[in-house]
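>>> Just a sequence and a predicted model for now, questions to come.
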Amino acid sequence: MNTNDPNPSPAPLSWKNSVLLGLAIAFLSLALRLPSIGESLWVDELHTAWAVSDGIQDVPYRAAMGNQASLYFLIVWVWTQLAGLHEWSLRMPSLAGGVLCVGLITGIAHRWTRDAWVAIGCGLIAAIDIDWIFFATEARVYGFVQVVAVLQILLAWQILQHDRWHDWAWLVVVTIGSFYLHYSTLLFSVCLGACMLLLVDSRPLRKHLLMAAACIAMGVAISLPHLASIFERRENWAQFITATSRNEWTRWGTALAALLPLAGLATIFARNWSAEAKRAVLTGGVVFLPIAVAWATTATGLAALFFGRYLISSETLIPLLLASLASLVPAAAWRRGGLVVSLVISCGLRTPSYLGPMRGEDWQAVTQAVSQKLESTPEPTDVLIAAGLIETDILRFPTKHLPPFTERWETYARLPIESIYSLPEHAGQHYGLTYTNPGEATPRYRHRSVPNRPVVLIVRGTKETADQVVQNFLSSVPDRKYEITAPQTQTARVQWRVLLPQDMDLQAEN
């Protein structure tokens, strides 16, 4: 008898029970996510809003300006044509993906372990996790990436068991789709292929794997020019992604801690190389290998990939790795007991402190306050915005490109105030500021602005950040003098200041 098999003569497992368990935990996860669905969008989400706010012909290039693939944005564009442009509608696709992913995790865990209690525990760990809640309530692609990662590992395991052509076809399609959702998933897919290659036990299977890899490579190749341009700017990400990041080490330490109880039990009970052990190696490989590679590329300066968003596929599979480890523990009492300890660890380390707003960038409130100010000010007023978008450094230098190219980047720099949140029509101009030396007047502003015109300066950051941005701006225009005021309506991470021009000649006489 195989001691790794929880039931020597397992009865057929009901798909109905697996589906019902998945639906139950999915509805619970929905309830935990709804309180965050209506809060103000933060700047990354505002890129999504800007990308889908006009015609479908604008979506691909606007996505590319944010270093993103366009598939997710095209899906959101179609949806918002039906639902309109609102906080909840922009986040609804991610919410659907995140909730679906929790249900899939629960159902698959039930199929793999044949234990409803273990499946519920794995589903709950996914449902309560702070990262899962955050990404499911964010108007970004990561909720979709999570679903695709689950499908990839499920198809890979099916292939290693049965080597069926339709599983290969779906794996190729899903993997290419994952890449065009977010380019960083290529790391996960390559690591998945490497793990499959390690575990194949027949020459035909190895041949099929290489053929699938060739098909995927052809599907990815058409985006190589865009990837190359992103790679050339990789130093931009190195400014905030490091191999020693405390946030990332905390993220992975707390997320992986839940594995310890069942990993210990599996080590004790597992004796033979079984199908369950093979599945645990596959799942563990695609959890740990991408993290290790991302850390190495970041530490060596090759590419800054050691970042939770870029590794969300690996993080998504931690509950399924728990299920794989649980299937190696034959005694139900030990298996469930280990899962309970894992759930307690996750509750202690990975749950949000409250259910509600999670981002802290209230662009909606600040935009409304600035709108009221502009409507009550009769004289022309310029609006400057320092949104902290790393791609806007292109505005630091005079460009030899045609005006439409320059205007696109100017529009990109102003996207937080020119999409879902917009300012009223008023006399005056809008100018975007750069990521490096934020607040420093751009060549376009110096060339086109009127010296004696009031300025509203909007800053993504804290009060201290806003004050520094104002000083950077004043230092870059020494020929102008302003009186600075901070209006009453401010938010924790979005600030604004009003700069009123002063007569320097008059002050010099005094």
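Received it, and whenever you're ready, just let me know what you need.
>>> what's the next secondary structure element after the stretch of helix or strand Leu30 belongs to?
If you go by DSSP states H and E, Leu30 is part of helix 15-33. Counting by DSSP H and E, the next helix or strand C-terminal to helix 15-33 is helix 43-51.
>>> what separates that next one from the chain centre, distance-wise?
How far helix 43-51 lies from its chain's middle: 12 Å, per C-alpha atoms, centre = their mean, to the nearest Å.
>>> Report the next helix or strand after that helix in sequence order.
helix 59-65.
>>> Please name the residues that touch the residue nearest to Gln468 when sequence neighbours are not counted.
Leaving aside its chain neighbours, Gln468 sits nearest to Gly439 (7.3 Å; criterion: C-beta to C-beta, 6 or more residues apart in numbering). In this view, the C-beta of every residue, glycine as well, is placed from N, C-alpha and C. Counting by C-beta atoms under 8 Å, 6 or more residues apart in numbering, Gly439 makes contact with Ala386, Leu433, Leu457, Val459, Gln468, Val469, Val470, Gln471, Asn472, Phe473, Ser476.
>>> Export the residues you listed to CSV and append columns for secondary structure, neighbour count and distance to Thr48.
Below are these laid out as CSV (DSSP: H, G, I helix; E, B strand; the rest coil; neighbours: other C-beta atoms under 10 Å; distance: C-beta to C-beta, whole Å):
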residue, secondary structure, neighbour count, distance to Thr48
Ala386, strand, 27, 20
Leu433, coil, 29, 21
Leu457, strand, 24, 25
Val459, strand, 27, 21
Gln468, helix, 15, 28
Val469, helix, 25, 25
Val470, helix, 21, 29
Gln471, helix, 12, 32
Asn472, helix, 17, 28
Phe473, helix, 26, 28
Ser476, helix, 16, 31
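>>> Relative to Trp334, which of these is nearest.
Nearest to Trp334 out of the contacts of Gly439 is Val459 (C-beta to C-beta; 55.3 Å).
>>> Leu197 contacts Leu209, correct?
Yes: assessed by C-beta atoms under 8 Å, Leu197 is found in contact with Leu209 at 6.0 Å.
>>> Give me the common contacts of these two.
In contact with both Leu197 and Leu209: no residue, using C-beta under 8 Å, 6+ apart.
>>> neighbour count winner among those two?
Using other C-beta atoms under 10 Å as the criterion, Leu197 and Leu209 rank with Leu209 on top: 20 against 13.
>>> My guess is that one contacts Leu198. True?
No: contact criterion C-beta under 8 Å: Leu209 and Leu198 do not qualify, at 10.6 Å.
>>> where are the low-confidence patches of the stretch 301-450 of the chain?
399-404 (pLDDT under 70).
>>> Output the helix holding Leu30 as CSV, nothing but the C-alphas.
Provided in CSV are the C-alpha atoms of helix 15-33 (Å, rounded to 0.1, in the frame of the first residue of the first chain):
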residue,chain,number,x,y,z
TRP,A,15,-17.6,17.5,-9.1
LYS,A,16,-20.8,19.0,-7.6
ASN,A,17,-19.2,19.1,-4.2
SER,A,18,-16.0,20.7,-5.5
VAL,A,19,-18.1,23.4,-7.3
LEU,A,20,-20.3,24.1,-4.3
LEU,A,21,-17.2,24.5,-2.1
GLY,A,22,-15.6,26.8,-4.6
LEU,A,23,-18.8,28.9,-4.9
ALA,A,24,-19.2,29.2,-1.1
ILE,A,25,-15.7,30.5,-0.5
ALA,A,26,-15.9,32.7,-3.6
PHE,A,27,-19.0,34.4,-2.2
LEU,A,28,-17.2,34.9,1.1
SER,A,29,-14.3,36.5,-0.7
LEU,A,30,-16.6,38.8,-2.6
ALA,A,31,-18.1,40.1,0.6
LEU,A,32,-14.5,40.8,1.9
ARG,A,33,-13.7,42.8,-1.3
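>>> what ranges of the protein fall below the confidence cut-off?
Across the chain, the ranges flagged by pLDDT under 70 are 1-11, 399-404, 504-510.
>>> State the three-state secondary structure for Ile312.
Classification of Ile312 by DSSP: H, G, I helix; E, B strand; the rest coil places it in helix.
>>> what separates it from Leu181, distance-wise?
Using C-beta to C-beta, to the nearest Å, Ile312 is found at 11 Å from Leu181.
>>> do Cys195 as well
21 Å.
>>> who has more neighbours, those two?
Between Cys195 and Leu181, counted using other C-beta under 10 Å, the more crowded position is Leu181 (23 against 20).
>>> which residues touch the more buried one?
Leu181 touches Ala69, Leu71, Tyr72, Val141, Phe144, Val145, Val148, counting by C-beta under 8 Å, 6+ apart.
>>> Make JSON lines out of the residues you listed and add neighbour count and distance to Leu289.
JSON lines is the format used below for the contacts of Leu181 (neighbours: other C-beta atoms under 10 Å; distance: C-beta to C-beta, whole Å):
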{"residue": "Ala69", "neighbour count": "22", "distance to Leu289": "23"}
{"residue": "Leu71", "neighbour count": "20", "distance to Leu289": "25"}
{"residue": "Tyr72", "neighbour count": "27", "distance to Leu289": "25"}
{"residue": "Val141", "neighbour count": "28", "distance to Leu289": "22"}
{"residue": "Phe144", "neighbour count": "25", "distance to Leu289": "22"}
{"residue": "Val145", "neighbour count": "25", "distance to Leu289": "17"}
{"residue": "Val148", "neighbour count": "24", "distance to Leu289": "18"}
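>>> Now do the buried residues in the top strand by length along the chain.
Across the chain, the longest stretch assigned as strand under DSSP state E is strand 494-502. Applying a neighbour-count criterion of 16 or more other C-beta atoms under 10 Å, one finds Val494, Gln495, Trp496, Arg497, Val498, Leu499 buried in strand 494-502.
>>> same thing with stretch 53-64?
For stretch 53-64, burial by neighbour count (16+ other C-beta under 10 Å) applies to Ser53, Asp58, Val59, Pro60, Arg62, Ala63, Ala64.
>>> Just give me how far stretch 180-191 sits from the chain centre.
13 Å.
>>> er, stretch 344-362 I mean
Centroid displacement of stretch 344-362 relative to its chain, using C-alpha atoms, centre = their mean, is 16 Å.
>>> Span of it from start to end?
Start-to-end span of stretch 344-362 (C-alpha to C-alpha, to the nearest Å) is 33 Å.
>>> Any buried residues in that stretch, and which?
Ile345, Ser346, Arg350, Pro352, Met358, Arg359, Glu361, Asp362.
>>> Contact partners for Gln364?
With contact taken as C-beta under 8 Å, 6+ apart, Gln364 is in contact with Ser40, Leu41, Tyr421.
>>> Mind checking which of those residues are buried?
Ser40, Leu41, Tyr421.
>>> what are the phi and psi values for the last one?
Backbone dihedrals for Tyr421, given as degrees, to the nearest 10, come out at phi -110, psi 120.
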